[in-house]
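Participant: need a structure here:
(one chain, ligands or ions: 2)
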Amino acid sequence: MVLVGEEKLEVQDWDMLQPKDNEVRIKIKACSICGSDLGAYRHPTERFQPPLVLGHEFSGVIDALGSKVTQFKVGQRVTCCPILYCEECYYCKRGDINLCSHRRSVGTAIGGTQTHGAMEEYMLIRQENVIPLRDELSFEEGAMLEPSAVCLAAAKRGHTADEENVHVMGVGPIGLLIVKFLKSLGVKNVMVSDILPARLEKAKACGANLAFNVKECDPVVEVKKATGGVGADRVIIAAGVGPAIKQAFDMVHNGGTVSLVALMHEKVEFDPMELVGRGINFTGSYMFTGEMKEAMDLIASGKMSVKDLITSSFPLERGQEAFKALIAPGNNEIKVQIVIN
Ligand SMILES: [Zn+2]
Ligand SMILES: [Zn+2]
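Facilitator: Ligands and ions are numbered 1, 2, ... in the order given. Modelled structure (predicted):
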């Protein structure tokens with residue numbers, strides 16, 4: 001299924017791919033639609049230059065091996081890390097593969113070339129990126145590991161042992177997963193804010209202790225009230241709207257952390273004196289390093305679930321409907337998947 005233009009996906013017949021020496025071919029079983037896929041569908045930018053096969057949250061079965069692949073076998077159930085890091089730059093050598101200066105990424109045109117993703121029957125990927133899927137996880141859960149890793153990394157960033165109050169702004173799929181991981185890290189009081197009542201309800205089901213509808217109250221006032229007037233230890237911004245940053249500064253306590261995980265595309269103004277004078281740590285959290293395996297172990301052990309976030313699935317030939325379901329006004333979808341039988 002190829003993104004060919006604005007809000008246009010087309011199912012095409014392509015020749016069967018043959019793996020190069022170091023690649024495996026994966027028969028795709030499930031692929032989740034990410035917020036970034038949806039953004040690309042609505043407005044294909046350079047990062048997602050059509051014609052492009054989207055999809056970087058997926059699972060499947062190894063179907064063919066390149067001649068130099070030794071660690072995997074045909075028939076093995078797998079998922080993949082979608083970051084195609086270079087292994088040689090300053091960041092890769094430090095283990096910060098998410099910050100690699102030469103990275104490409106599955107299902108995007110990052111780095112200037114199209115790297116086709118998993119919304120297709122078969123895809124190729126180098127063996128370094130393949131992760132065996134534990135037996136306890138279904139293919140559908142396997143296709144949730146990539147966003148889970150993004151959220152686990154975000155939940156850990158700035159986390160301290162004595163942290164008690166964390167506020168998550170925006171509880172779409174990313175915000176909800178962050179809530180779950182914060183609870184699994186043992187954060188006592190997880191608060192959330194959003195504009196959609198259904199999402200706030202879901203956040204409570206995911207473990208949030210307090211949920212504020214920003215249409216009905218001022219979350220800054222509520223967070224202060226819930227923290228003895230002090231403010232949150234940390235605020236995680238999972239909503240891509242500019243004013244969230246100022247609001248986060250207003251609800252964090254002096255010396256606290258504001259962490260941005262949403263992909264925000266607008267310019268924002270804030271007072272730098274506030275950062276300095278109040279000693280706020282302001283940080284970005286992008287992708288992850290080793291968290292896919294860590295998230296898989298948490299899910300396999302039953303300490304955390306992702307199944308409840310999958311709200312619909314569609315076969316590949318009806319893939320365009322999956323995207324339409326996510327942009328339909330007033331829809332209550334969380335994670336929508338494309339499944340291939
Ligand atoms: Zn994603
Ligand atoms: Zn690198």
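Participant: Are we agreed that residue 28 is in a helix?
Facilitator: No. Counting by DSSP: H, G, I helix; E, B strand; the rest coil, residue 28 is located in no helix; its state is strand.
Participant: Is the residue nearest to it when sequence neighbours are not counted in a helix, a strand, or coil?
Facilitator: Ranked by C-beta to C-beta, 6 or more residues apart in numbering and with sequence neighbours excluded, the top spatial neighbour of residue 28 is residue 60, at 4.3 Å. To be clear about C-beta, it is placed using only N, CA and C from the backbone, and glycine gets the same treatment. Classification of residue 60 using three-state DSSP returns strand.
Participant: Residue 60: neighbouring residues, count only.
Facilitator: If you count neighbours by other C-beta atoms under 10 Å, residue 60 ends up with 27.
Participant: So it sits against residue 132, correct?
Facilitator: No. If you go by C-beta atoms under 8 Å, residue 60 and residue 132 don't touch, sitting 11.9 Å apart.
Participant: what do these two both touch?
Facilitator: Residues touching both residue 60 and residue 132 (C-beta atoms under 8 Å, 6 or more residues apart in numbering) are 77-78.
Participant: What does the pLDDT read for the residue nearest in space to the middle of the chain?
Facilitator: The centroid of the chain falls nearest to residue 147 when counting by C-alpha atoms, centre = their mean (3.0 Å). Looking at residue 147, its pLDDT reads 97.
Participant: residues contacting it?
Facilitator: Counting by C-beta under 8 Å, 6+ apart, residue 147 makes contact with 32, 34, 57, 173-174, 177, 335.
Participant: For residue 239, state which of those is nearest.
Facilitator: Nearest to residue 239 out of the contacts of residue 147 is residue 174 (C-beta to C-beta; 9.1 Å).
Participant: Do you have the helices of the stretch 201-341 of the chain handy? List them.
Facilitator: 219-226, 243-251, 272-277, 291-300, 319-327 (DSSP state H, counting those that start in this stretch).
Participant: so can I have a markdown table of those helices showing distance to ligand 2 and mean neighbour count?
Facilitator: Shown next, in a markdown table, are these (distance: least, C-beta to the ion, whole Å; neighbours: other C-beta atoms under 10 Å):
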| stretch | distance to ligand 2 | mean neighbour count |
| --- | --- | --- |
| helix 219-226 | 39 | 19 |
| helix 243-251 | 29 | 20 |
| helix 272-277 | 30 | 11 |
| helix 291-300 | 18 | 20 |
| helix 319-327 | 32 | 19 |
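Participant: okay, the ones you listed in a markdown table with mean pLDDT next?
Facilitator: Converted to a markdown table, those look like this (pLDDT from 0 to 100):
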| stretch | mean pLDDT |
| --- | --- |
| helix 219-226 | 98 |
| helix 243-251 | 95 |
| helix 272-277 | 94 |
| helix 291-300 | 97 |
| helix 319-327 | 96 |
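Participant: TSV please, covering those helices and showing distance to residue 264.
Facilitator: TSV is the format used below for those (distance: least, C-beta to C-beta, whole Å):
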stretch	distance to residue 264
helix 219-226	18
helix 243-251	8
helix 272-277	17
helix 291-300	22
helix 319-327	20
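Participant: and of the ones you listed, who's closest to residue 257?
Facilitator: Closest among those, using C-beta to C-beta: helix 243-251, at 9.7 Å.
Participant: Give the other helices and strands that the closest one contacts.
Facilitator: Other helices and strands packing on helix 243-251, by 3 or more C-beta pairs under 8 Å, 6 or more residues apart in numbering; DSSP states H and E, are strand 165-169, helix 219-226, strand 232-237, strand 252-260.
Participant: Most tightly packed of the ones you listed?
Facilitator: Counting by mean count of other C-beta atoms under 10 Å, strand 165-169 has the highest mean neighbour count of those, with a mean of 29.
Participant: Report the strands that pair with that strand, each with its relative direction.
Facilitator: Applying DSSP bridges to the sheet, strand 165-169 is found paired with strand 189-194 (parallel), strand 232-237 (parallel).
Participant: how far does that strand sit from the chain's center?
Facilitator: Centroid separation between strand 165-169 and its chain, computed with C-alpha atoms, centre = their mean, to the nearest Å, is 18 Å.
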